[in-house]
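In: the following comprises the amino acid sequence and a computationally predicted model.
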Amino acid sequence: MSRSRTLSLLFVNISLCSILSLAAIDRKAIVQCFNPYRTSSSNSTPLQVGNGNFAFGADVSGLQTWLTYNTLSSWCWHNSSLPSIPNQTEPSDFTGLDWVTHNRLVNYAQPNPAEAEISQWMIANPHRVNLGRVGLWFGDRDVLEEDVEDTEQALDLYTGVITSSFVWDGSDVRVTTMADPRSSTIAVELSSEKLADGALGIFLDYPYMTDKNKFEAPFVGLWNATSNHTTELLHQSHRRATIKHTMDDTIYYTTIHWNEDASLSGPVPSTHRYILSTRGCHKLSFTVSYHDRPDAVDATFYNVDGTGTHINTNVKQIHSASERYWQNFWEDGAFLDLTSSDNANATELQRRVVQSLYILAVNEAGFDPPQESGLVNNGWYGKFHAEMWLWHIGHWGRWRRWALQDRSVPGVYKQFLSTSLERARRQGYDGARWGKMSDPTGRSAPGEINSLLIWQQPHPMYFAELDYRSHPSNQTLEKWADILRHTAEFMASYAYWNESTGAYDLGPPMYPSSENTDPNATMNTAFELAYWKMGLSIACEWQARQGKESPERWKHVAEHLAPLPVQNETYVIFEGIEDMWTAKDYTEDHPSMLGLYGWLPPQPDQSNLTIMQNTRDKVYETWNFTYSFGWDFPLLSMNAARLGDVDQAVAWLLDESFAFDDVGYHVGGARVPTPYMPGAASLLWAVALLAGGWDGSEGGHWPDGWKVESEGFVPQL
């Protein structure tokens with residue numbers, strides 16, 4: 001397609017959005033105005049189809065033909081071989097390190113120099129598996145992307161279907177790609193005259209997973225380590241075949257179903273590549289299902305309803321299921337229409353919102369918490385970070401898509417409760433201490449920051465209170481009761497009574513959310529103090545709603561926490577910090593002090609509006625925002641909104657350092673790989689705040705002159 005035609009289409013698209021906005025909100029039309037469109041592959045981000053527990057990333061061919069984009073899930077993990085060094089051969093050999101904590105020794109899960117090998121093994125294992133690659137096979141010819149012409153690709157956000165086309169060797173090639181909403185299955189429709197003579201087909205391939213790379217982006221796995229793993233064509237019957245993939249102790253299966261007369265062969269010698277080809281047909285429709293048991297009919301999946309089911313291997317049925325699933329997604333919950341605003345910023349914000357909603361539903365709606373890069377690639381070995389759970393999935397409730405949030409919370413807290421109770425017990429605390437960087441068993445990866453971070457602890461209270469606000473019932477109270485009780489017990493136990501000040505201290509040792517201070521000198525951090533008070537107050541209110549008395553200790557801690565640290569009439573990161581506003585290390589990470597008046601509601605008798613305004617001014621004056629990333633900008637936006645500056649609130653969401661690529665992925669930048677999902681997720685949280693307001697200031701908060709329609713938003717705390 002020529003550049004002029006592409007620009008014309010974009011102009012028509014934007015004009016159509018403006019016309020449509022004159023009527024009541026037509027969600028389908030607005031969503032499709034922002035359908036991603038490409039004429040070449042991106043080297044950093046694919047287009048994806050998926051369902052929250054499974055995602056398939058495609059290059060511009062509609063498959064993984066020219067770029068080895070990833071097929072990731074919430075259920076498939078791999079452990080590399082354990083170390084063979086004596087006394088470091090099992091996780092049970094790991095002992096961590098003891099730190100002096102308020103006049104006693106506390107053991108923390110930190111890498112021990114005397115146990116370096118098992119420490120690193122526990123950090124890197126298990127790691128998330130790239131299930132495999134599916135691409136176009138060009139026979140004996142090596143066809144590159146630059147060898148094809150007239151390439152076009154579009155993702156219909158409203159149906160979850162990618163349509164890709166190009167011309168190769170004078171023949172049209174068209175690929176339609178979609179995912180089953182209920183299992184780890186893609187369905188593909190391929191059409192071309194090249195199929196008939198066997199010049200075109202499909203390949204499947206498998207990588208080996210390694211624990212050597214903390215970040216694997218944009219591609220996951222090793223494709224040249226074929227001797228380290230095995231694949232086997234278990235059986236092939238009429239229009240169906242199953243492949244077994246074995247990597248050490250990890251075993252999973254791929255079942256391929258096809259509609260036309262075709263056959264699967266392989267593996268190609270010295271590879272793990274299999275070829276699906278046909279002759280005499282101009283069309284090849286097939287499904288590829290990944291599962292954990294040899295017989296796909298009996299395989300267990302992490303389905304959207306939490307149960308196992310039979311795999312749907314019918315292409316037409318999956319196509320219909322995808323259309324229904326995504327239509328329901330878009331028509332359910334809250335929605336925002338900014339298209340009546342004659343303002344380029346409003347159009348760009350609308351694009352980011354629509355495309356982020358789709359991307360997060362594909363990547364951040366599983367039964368386990370998401371990793372930082374969702375199901376696009378692997379960061380931190382594919383593990384998830386507990387302090388980020390609220391950023392990752394809390395927006396689903398704000399957009400009233402509770403079914404997606406309910407997939408993982410409170411279930412993950414119940415799943416991790418036993419390990420969290422044991423962690424607190426070993427350290428001499430009551431209740432449950434939630435870990436940070438975890439695997440699906442709840443085991444926290446060793447690390448100094450991992451073991452000393454605390455701002456994840458009140459998250460269950462925030463989740464629960466938002467849930468109760470939308471679902472004020474005994475069922476909601478009961479659902480969260482045990483989690484909140486155990487969480488509050490730890491929070492009250494962790495706070496240390498300082499006899500000299502007559503207040504409870506948080507830390508040392510501890511890390512604040514900005515992770516940029518000396519943990520042995522860090523205590524009474526502003527954000528964590530505010531969050532501790534909020535969390536314990538919610539826990540006490542939860543007890544009252546159930547007709548129960550709150551433990552006196554909870555109330556005493558909440559009412560007698562150390563005051564927020566203030567220097568020169570500004571809030572600072574922690575009590576006693578030196579050179580807060582002049583030291584480079586302190587003014588270029590998360591400006592978390594602003595979070596206690598924005599993302600968090602201001603806590604009565606704790607925060608001061610004038611001091612907060614002074615703090616905002618000082619942050620704006622001194623901060624190195626070019627080093628900021630991810631949720632920093634939505635945090636700044638929510639603070640600006642609550643302080644009454646809606647123009648600045650919107651400006652932060654469109655800041656040049658808060659970038660989104662051409663198809664809607666939040667750009668990680670210099671500090672983390674692309675995409676960085678908390679950036680997109682926190683964008684949605686901030687937009688929900690602007691659309692629904694908050695207690696005492698309900699309704700929309702938008703710049704003058706913007707014409708905004710919204711549906712379904714409720715005020716935040």
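Out: Yep, it's here. Residues are numbered from 1 along each chain as shown.
In: helix, strand, or coil at the spatially closest residue to Trp258 that is not a sequence neighbour?
Out: Counting by CB to CB, 6 or more residues apart in numbering, the nearest residue to Trp258 once its immediate chain neighbours are dropped is Phe286, at 4.0 Å. In this view, the C-beta of every residue, glycine as well, is placed from N, C-alpha and C. Taking DSSP: H, G, I helix; E, B strand; the rest coil as the rule, one finds Phe286 in the strand state.
In: what bridges to Phe286?
Out: Applying DSSP bridges to Phe286 gives these bridge partners: Val188, Trp258.
In: these two touch, right, it and Ser263?
Out: No: using CB atoms under 8 Å, Phe286 makes no contact with Ser263, being 11.9 Å away.
In: got any residues that touch both of these two?
Out: Common neighbours of Phe286 and Ser263 are listed as Leu276 (criterion: CB atoms under 8 Å, 6 or more residues apart in numbering).
In: so which of those two has more stuff around it?
Out: The neighbour comparison of Phe286 against Ser263 (other CB atoms under 10 Å) goes to Phe286, with 24 against 14.
In: could you check the pLDDT of the residue nearest to Trp258?
Out: Per-residue confidence (pLDDT) for Phe286: 98.
In: what of Ile311?
Out: On the pLDDT scale, Ile311 is placed at 77.
In: report the separation between it and Leu417.
Out: Taking CB to CB, to the nearest Å as the measure, Ile311 and Leu417 are separated by 32 Å.
In: the stretch 351-500 of the chain: strands as residue ranges?
Out: Along the stretch 351-500 of the chain, counting by DSSP state E, counting those that start in this stretch, strands occupy 378-379, 384-385, 437-438, 496-498.
In: deepest in the core, which of the ones you listed is it.
Out: strand 378-379 (a mean of 26; mean count of other CB atoms under 10 Å).
In: could I get the average pLDDT for it?
Out: Over the span of strand 378-379, the pLDDT mean works out to 97.
In: contacting residues around Pro218?
Out: Listed by CB under 8 Å, 6+ apart, the contact partners of Pro218 are Asn43, Ser44, Thr45, Pro46, Leu67, Tyr69, Asn70, Val376, Asn377, Pro673, Thr674.
In: isn't Val714 up against Trp402?
Out: No: when contacts are counted by CB under 8 Å, Val714 is not listed as touching Trp402 (11.6 Å).
In: what do those two both touch?
Out: Contacts common to Val714 and Trp402, judged by CB under 8 Å, 6+ apart, are Ser470.
In: Ile311 and Leu417: which is more packed in?
Out: The residue with more neighbours, out of Ile311 and Leu417, is Ile311; 23 against 18, by other CB under 10 Å.
In: Three-state assignment for the more buried one, please.
Out: Secondary structure for Ile311, judged by three-state DSSP, is coil.
In: correct me, but it touches Ser289?
Out: Yes: taking CB under 8 Å as the contact criterion, Ile311 and Ser289 are neighbours in contact, 4.9 Å apart.
In: do a quick rundown of the helices in the stretch 101-250 of the chain.
Out: Using DSSP state H, counting those that start in this stretch, the helices assigned to the stretch 101-250 of the chain run over residues 116-124.
In: repeat that for the stretch 501-650 of the chain.
Out: Counting by DSSP H, counting those that start in this stretch, the stretch 501-650 of the chain forms helices over residues 526-545, 552-559, 609-622, 632-642, 646-653, given from the N-terminal end onward.
In: and the third one, what does it pack onto?
Out: In other words, helix 609-622. In terms of contacts (3 or more CB pairs under 8 Å, 6 or more residues apart in numbering; DSSP states H and E), helix 609-622 is packed against strand 570-571, helix 632-642.
In: remind me which residues of the stretch 501-650 of the chain are low pLDDT?
Out: Within the stretch 501-650 of the chain, not a single segment meets pLDDT under 70.
In: give me the neighbour count for Glu115.
Out: 21.
In: need the per-residue pLDDT for it.
Out: The predicted local confidence for Glu115 comes out at a pLDDT of 96.
In: which residues does it contact?
Out: Applying CB under 8 Å, 6+ apart, we find Glu115 in contact with Asn87, Gln88, Asp93, Phe94, Thr95.
In: check contacts around the third one.
Out: Read it as Asp93. Listed by CB under 8 Å, 6+ apart, the contact set of Asp93 reads Asn87, Glu115, Ile118.
In: in CSV: these, plus distance to Thr517.
Out: Output for the contacts of Asp93, formatted as CSV (distance: CB to CB, whole Å):
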residue, distance to Thr517
Asn87, 34
Glu115, 26
Ile118, 29
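In: helix/strand/coil for Asn99?
Out: For residue 99 the amino acid is Trp, not Asn. strand.
In: any idea how far Pro508 is from it?
Out: Trp99 is 9 Å from Pro508, by CB to CB.
In: show me what contacts Ile573?
Out: Pro512, Ser514, Thr517, Thr522, Thr525, Ala526, Pro565, Met580, Tyr586, Ser592, Met593.
In: recalculate using a threshold of 10 Å.
Out: By CB atoms under 10 Å, 6 or more residues apart in numbering, Ile573 lies in contact with 512-514, 516-517, 522, 524-528, 565, 580, 586-587, 589-593.
In: what does Gly435 give?
Out: With contacts defined as CB under 10 Å, 6+ apart, Gly435 is in contact with 109, 385-387, 416, 419-420, 423, 442-445, 450-451, 453, 456.
In: what's the per-residue pLDDT of it here?
Out: Note for Gly435: predicted pLDDT of 97.
In: go on, the one 5 residues further on?
Out: Reported pLDDT at Pro440 in the predicted model: 92.
In: from memory Glu372 sits against Arg671, does it?
Out: No: in terms of CB atoms under 10 Å, Glu372 does not count as a neighbour of Arg671; the distance is 11.1 Å.
In: so those two - more neighbours on which side?
Out: Neighbours of Glu372 and Arg671, each counted by other CB under 10 Å, are more numerous for Glu372; the result is 26 against 11.
In: who are the contact partners of that one?
Out: Neighbouring residues of Glu372 by CB under 10 Å, 6+ apart: 215, 378-380, 382-385, 388, 391-392, 630, 668, 672-673, 675-679.
In: before we move on, back to that, top of the contacts of Gly435 by neighbour count?
Out: For these, the largest number of neighbours (other CB under 10 Å) sits with Ser451, at 28 neighbours.
In: okay, the closest residue to that one other than its chain neighbours and Asp98: tell me how far apart.
Out: Nearest residue to Ser451 in three dimensions, chain neighbours excluded: Tyr108, at 3.9 Å (CB to CB, 6+ apart). Using CB to CB, we find Tyr108 at a distance of 8 Å from Asp98.
In: and those two? Which one has more around it.
Out: Tyr108 (19 against 13).
In: show me the contacts for that one.
Out: Contacts of Tyr108 were listed using CB under 10 Å, 6+ apart, and they are 96-99, 101, 423, 426-427, 446-448, 450-452, 509.
In: re the thing from before, go through the contacts of Glu372 and flag which are in helices.
Out: Members of the contacts of Glu372 lying in helices (criterion: DSSP state H): Trp391, His392, Met677, Pro678, Gly679.
In: tabulate those (a markdown table), appending pLDDT, distance to Glu146 and neighbour count.
Out: Putting these into a markdown table (pLDDT from 0 to 100; distance: CB to CB, whole Å; neighbours: other CB atoms under 10 Å) gives the following:
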| residue | pLDDT | distance to Glu146 | neighbour count |
| --- | --- | --- | --- |
| Trp391 | 97 | 39 | 26 |
| His392 | 97 | 37 | 26 |
| Met677 | 98 | 31 | 28 |
| Pro678 | 97 | 35 | 27 |
| Gly679 | 98 | 32 | 28 |
